[in-house]
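# Kindly generate the corresponding structure for this input.
(2 chains)
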Amino acid sequence: MGESVKDLLLVLLLFLLSLWYLSHSATRLDRLHHRVETSWANLDGLLQRRAAVALEIARSTISDPATSLILTAAAHQAREANVQDRSMAESGLSGALGLLLHDEISSTAFIEKDLMRELSELTDKIRVAIALHVDAVNRTQSVRKKFVFRVFRLAGRAPLPVTYEFEADVL
Amino acid sequence: MITQALRIGIVCPYGWDTPGGVQNHIRDLAEYLIAKGHYVSVLAPVIDEDSVPDYVVSAGKPISIPYNGAVARVLFGPIAFARVRSWISSGSFDLLHLHEPAIPSISLLACWAAEGPMVGTFHAAAKKQKVIYAIGPILEPLIEKLSARIAVSEAARSTLTEHLDTDAVVIPNGIYAKRFAHGERVEKWSGNTIGFIGRFEEPRKGLQILLDALPIIARFAPDVRVLVAGPGDSEKVLEDIDMQLRHRFEFLGRISEKEKADLMASIALYVAPNTGGESFGIILAEALAGGSAVVASDIPAFDSLLGHGEFGALFPTENPQELAKIVIDLLREPDKRRALAAKGKTHAQRFDWDVVAEEIFSVYEMSMVGGATVRLASENRAWNRFSTTEWGNQ
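Next up, the predicted model:
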């Protein structure tokens, strides 16, 4: 076998290997984007449910008119906010709910225990959901910054996921 | 909300028939989920296939290899990989729960072979080693396939962050708190007694620290006795103990869960002088649930389990003098001891399976958003077609 044929085979092999590597990397990135989307869908669903619970609390006998007003306003803002304002609106709702929860510790006479339990369960889940989503976003961002992913535009036209600014401690 | 029964596949990286924290955790979790009406299949390396429960599927015999300073019974290789793949493709699982997917064993293989909703639980806590720079690039693309990562403690979580630059949700290990809550007080184990459970021959369990502290303790509490339970050669340990102290020791050997609960209800203090290598410290949670006051070394896992000293007393690691001081103080003041034990018992409910398994299940639900189920990964499909099922159906 001539030297040139050997070289050619070697080049071909390297070419195939790099093709495989690129396709593998593209799959990897695709999976990450998918994770960002599903974790966001999960978080979004939980936040919507929290807003619904907040509205229900506002209508119930637990809260006084002033708290009701604040809660209703915050819940509506959270539901209607666009992507940019979402985190601020959700933090606002967290704050309003926080007021109510702190109040509740002092006053023992409240009837709607179920609602409050649902709220605290939701809060726990939201905390986990935020962690999952933030991790997926960070991971995707760091992979997309890598050389191979940028040069070969493996992300295609998928928008760069943005970190959602949650104040976890407000929850 | 998902209310229908799920098909859950759990992968255990270590030999099912060797005792260990990860195996116990998986067994309890699997049995809890089955009792809730879910279908659970556990894939694990197994030595004796006739002795495993129905829900365990053998992936082959484990291989003993040295890993991270201990001998690990793990399993890998082409035949194991074929079994993992056939288990995944025939199981039609809604979700996979992989334990220790960063250890070279079948969890890692499953993580490679599958795609879809996957949850990984990280148990180990270790210091950062240089080797991670070499294996990190191999592990990272695999670990990021997991839809959610769980760490059993803050120590395990920081290990994960340092090693693989990824975050995890902390959900502690579970115990059946109710089983420990009703231990019966045994007369011969009560009095000024100190309990110690574990493989006492392993230096990292710290029995030596307790031995060094004992002469000081005995000076102030002349009737103090130490009850040691766990597998090991007690004769050999006794030989090394000072003649004056030997009569204070009682070795109980391996004890049953019931005896463990009785022991925790009887002793004055449970002492955990471990010097390191612990990620969670399940025995402390059990001691607290059993109503015993706990004194432990301040290694990160114990420090966080005991709420920085709120639910049990802490002493500086490998410091027998400090340990003695705290033990004497607590033995002399029964009221203080009882208050500490009571606080600890309430805290231990946090580790009950009813709480822990629900938290794990809610992570399952979050991973399943999107409706996809577990299947073989697309990049392995060519390989799957190529290798067909000649090994897989064994």
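
# how about residue B:170, phi and psi?
Main-chain dihedrals, residue B:170, degrees, to the nearest 10: phi -90, psi 120.

# tally of neighbours for it?
Neighbourhood size, residue B:170 [other Cβ atoms under 10 Å in any protein chain shown]: 17. Any C-beta I mention is one placed from the backbone N, CA and C, and that applies to glycine too.

# Now do it, the pLDDT please.
If you check residue B:170, the pLDDT there is 93.

# who does it bridge with?
Beta-bridge partners for residue B:170, by DSSP bridges, are residue B:151.

# tell me the contacts of it?
By Cβ atoms under 8 Å, 6 or more residues apart in numbering or on different chains, residue B:170 lies in contact with B:150, B:151, B:152, B:153, B:154, B:156, B:157.

# would you turn those into JSON lines with pLDDT and neighbour count?
JSON lines is the format used below for the contacts of residue B:170 (pLDDT from 0 to 100; neighbours: other Cβ atoms under 10 Å in any protein chain shown):
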{"residue": "B:150", "pLDDT": "95", "neighbour count": "24"}
{"residue": "B:151", "pLDDT": "94", "neighbour count": "26"}
{"residue": "B:152", "pLDDT": "94", "neighbour count": "27"}
{"residue": "B:153", "pLDDT": "91", "neighbour count": "25"}
{"residue": "B:154", "pLDDT": "90", "neighbour count": "18"}
{"residue": "B:156", "pLDDT": "90", "neighbour count": "26"}
{"residue": "B:157", "pLDDT": "91", "neighbour count": "21"}
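
# Now flag whichever of the residues you listed is closest to chain A.
Nearest to chain A among those: residue B:150, at 9.5 Å, using Cβ to the nearest Cβ.

# Could you find the closest non-adjacent residue to that closest one?
residue B:121 (4.5 Å; Cβ to Cβ, 6 or more residues apart in numbering or on different chains).

# Ok, residue A:154 next?
Of all residues not flanking residue A:154 in the chain, residue A:26 sits nearest, at 4.9 Å (Cβ to Cβ, 6+ apart).

# returning to that earlier point: could you work out the most separated pair of the contacts of residue B:170?
B:150 and B:154 (12.6 Å; Cβ to Cβ).

# Contact partners for residue B:9?
Taking Cβ under 8 Å, 6+ apart, one finds B:40, B:41, B:42, B:43, B:87, B:88, B:91, B:93, B:95, B:96, B:97, B:374 in contact with residue B:9.

# switch to 6 Å and redo it
Contacts here follow Cβ atoms under 6 Å, 6 or more residues apart in numbering or on different chains; on that basis residue B:9 touches B:41, B:91, B:93, B:96.

# And for residue A:38?
Contacts of residue A:38 by Cβ under 6 Å, 6+ apart are B:369, B:370.

# Model confidence score at it, please.
91.

# Residue numbers of chain B in contact with chain A?
Applying Cβ under 6 Å from any Cβ of the partner chain, one finds that chain B approaches chain A through B:141, B:144, B:148, B:167, B:169, B:362, B:366, B:369, B:370, B:379.

# Mind doing that once more with 10 Å?
Taking Cβ under 10 Å from any Cβ of the partner chain as the criterion, chain B approaches chain A at residues B:1, B:115, B:117, B:140-150, B:165-171, B:358-359, B:362-363, B:365-372, B:377-379, B:382.

# Okay, and which of those residues map to strands?
B:115, B:148, B:149, B:150, B:169, B:170 (DSSP state E).

# how about these in TSV, adding distance to residue A:149?
As requested, those are exported to TSV (distance: Cβ to Cβ, whole Å):
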residue	distance to residue A:149
B:115	19
B:148	24
B:149	22
B:150	28
B:169	27
B:170	31
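
# hang on, the earlier thing: show the pLDDT at the residue nearest to residue A:154.
For residue A:26, the predicted pLDDT is 87.

# Okay, it and residue B:245: tell me how far apart.
In this view, residue A:26 and residue B:245 are 67 Å apart by Cβ to Cβ, to the nearest Å.

# about what we covered before: can you verify my assumption that the residue nearest to residue B:150 contacts residue B:363?
Yes. Counting by Cβ atoms under 10 Å, residue B:121 does reach residue B:363; the two are 9.5 Å apart.

# ok, those two, which is more surrounded?
Per other Cβ under 10 Å, whichever of residue B:121 and residue B:363 has more neighbours is residue B:121, with 28 against 24.

# Enumerate every residue touching that one.
Neighbouring residues of residue B:121 by Cβ atoms under 10 Å, 6 or more residues apart in numbering or on different chains: B:10, B:22, B:25-26, B:29, B:97-101, B:107, B:146, B:148-152, B:156, B:168-169, B:171, B:173, B:360, B:363.

# Excluding chain neighbours, what is closest to the closest residue to chain A within the stretch 101-250 of chain B?
For the stretch 101-250 of chain B, the residue closest to chain A is residue B:167, as judged by Cβ to the nearest Cβ, at 4.8 Å. Spatial nearest neighbour of residue B:167, chain neighbours left out: residue A:135 (4.8 Å); criterion: Cβ to Cβ, 6+ apart.

# Let's see the pLDDT reported for the one you found.
87.

# Report the secondary structure state of the closest residue to residue B:139 other than its chain neighbours.
Setting aside the residues directly before and after it, residue B:139 is nearest to residue B:102 in space (Cβ to Cβ, 6+ apart), at 5.6 Å. Here residue B:102 is recorded as coil under DSSP: H, G, I helix; E, B strand; the rest coil.

# before we move on, what about residue B:185?
Applying three-state DSSP: residue B:185 is coil.

# neighbours around it, how many?
Around residue B:185 there are 11 residues (other Cβ under 10 Å).

# Which secondary structure element is home to the residue nearest to residue B:167?
Using DSSP states H and E, residue A:135 maps to helix A:113-144.

# Just the buried positions in the helix or strand just after that helix, please.
Using DSSP H and E, the helix or strand that follows helix A:113-144 towards the C-terminus is helix A:147-151. By neighbour count on 16 or more other Cβ atoms under 10 Å in any protein chain shown, the buried set for helix A:147-151 is residue A:149.

# helices or strands up against helix A:147-151?
With contacts defined as 3 or more Cβ pairs under 10 Å, 6 or more residues apart in numbering or on different chains; DSSP states H and E, helix A:147-151 has these neighbours: helix A:3-59, helix A:113-144.

# mind redoing it with 6 Å?
If you count contacts as 3 or more Cβ pairs under 6 Å, 6 or more residues apart in numbering or on different chains; DSSP states H and E, helix A:147-151 packs onto no helix or strand.

# I'd like the average pLDDT over that helix.
For helix A:147-151, the mean per-residue pLDDT is 83.

# Equivalent analysis for stretch B:183-199, please.
Rounded mean pLDDT across stretch B:183-199 is 90.

# So what would you say the end-to-end distance of it is?
End-to-end distance of stretch B:183-199: 22 Å, with Cα to Cα, to the nearest Å as the criterion.

# what does it rub up against?
B:205, B:221, B:223-232, B:261-271, B:283, B:290, B:331.

# Give me the subset of these lying in strands.
Going by DSSP E, the strands hold B:225, B:226, B:227, B:228, B:229, B:269, B:270, B:271 from the contacts of stretch B:183-199.
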